[in-house]
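**Student:** let me see the structure of the following:
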Amino acid sequence: MVRVQEIPLNQIKRPLPRANDPQKVQALMESIGAIGQQEPIDVLEVDGQYYGFSGCHRYEACQRLGKETVLARVRKAPKSVLKMHLA
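**Tutor:** Model (predicted):
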């Protein structure tokens with residue numbers, strides 16, 4: 001089951017480092033600043049903890065804008081699914 005909700009940025013763990021395109025982040029900052037976040041990021045909820053593996057440009061844009069939350073598609077998953085994402 002997937003639900004869309006606002007998640008506090010500081011509660012999302014990003015275990016895999018990503019190299020973001022600064023121009024894409026800047027463009028997203030301008031868009032989000034003007035019209036808000038249109039597309040949620042995807043996060044896994046495992047044992048009450050949130051893990052983000054996609055939407056890294058949107059995540060960084062929201063951080064840089066000083067947003068406290070990010071719109072996210074949340075999917076509950078067991079630890080076995082988390083381990084597959086980390087492999």
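
**Student:** the chain: helices as residue ranges?
**Tutor:** Using DSSP state H, the helices of the chain run over 22-35, 56-64, 79-86.

**Student:** to Val2, which of those helices lies closest?
**Tutor:** helix 79-86 (13.2 Å; Cβ to Cβ). Quick note: C-beta positions are derived from backbone N, CA and C, even for glycine.

**Student:** can you tell me what sits against the closest one?
**Tutor:** For helix 79-86, contacts defined as Cβ atoms under 8 Å, 6 or more residues apart in numbering pick out Pro15, Leu16, Leu44, Val46, Asp47, Tyr51, Phe53.

**Student:** I'd like to know how many residues surround Thr69.
**Tutor:** 15 (other Cβ atoms under 10 Å).

**Student:** what count of nearby residues applies to Leu65?
**Tutor:** Counted with other Cβ under 10 Å, Leu65 comes out at 13.

**Student:** same thing with Ser80?
**Tutor:** By other Cβ under 10 Å, 8 other residues sit near Ser80.

**Student:** can you pull the pLDDT of it?
**Tutor:** Model confidence at Ser80, expressed as pLDDT, equals 93.

**Student:** what residue ranges in the chain score low on pLDDT?
**Tutor:** Nowhere does the chain drop to pLDDT under 70.

**Student:** and the residue nearest the centre of it, how far from Ser80?
**Tutor:** Nearest residue to the geometric centre of the chain (Cα atoms, centre = their mean): Ile41, 4.4 Å. According to Cβ to Cβ, to the nearest Å, Ile41 and Ser80 sit 22 Å apart.

**Student:** do Gln37 as well
**Tutor:** Relative to Ser80, Gln37 is positioned 30 Å away (Cβ to Cβ).

**Student:** quick one: buried residues of stretch 41-56?
**Tutor:** Neighbour-count burial for stretch 41-56, counted by 16 or more other Cβ atoms under 10 Å, picks out Ile41, Val43, Leu44, Glu45, Val46, Tyr50, Tyr51, Gly52, Phe53, Gly55, Cys56.
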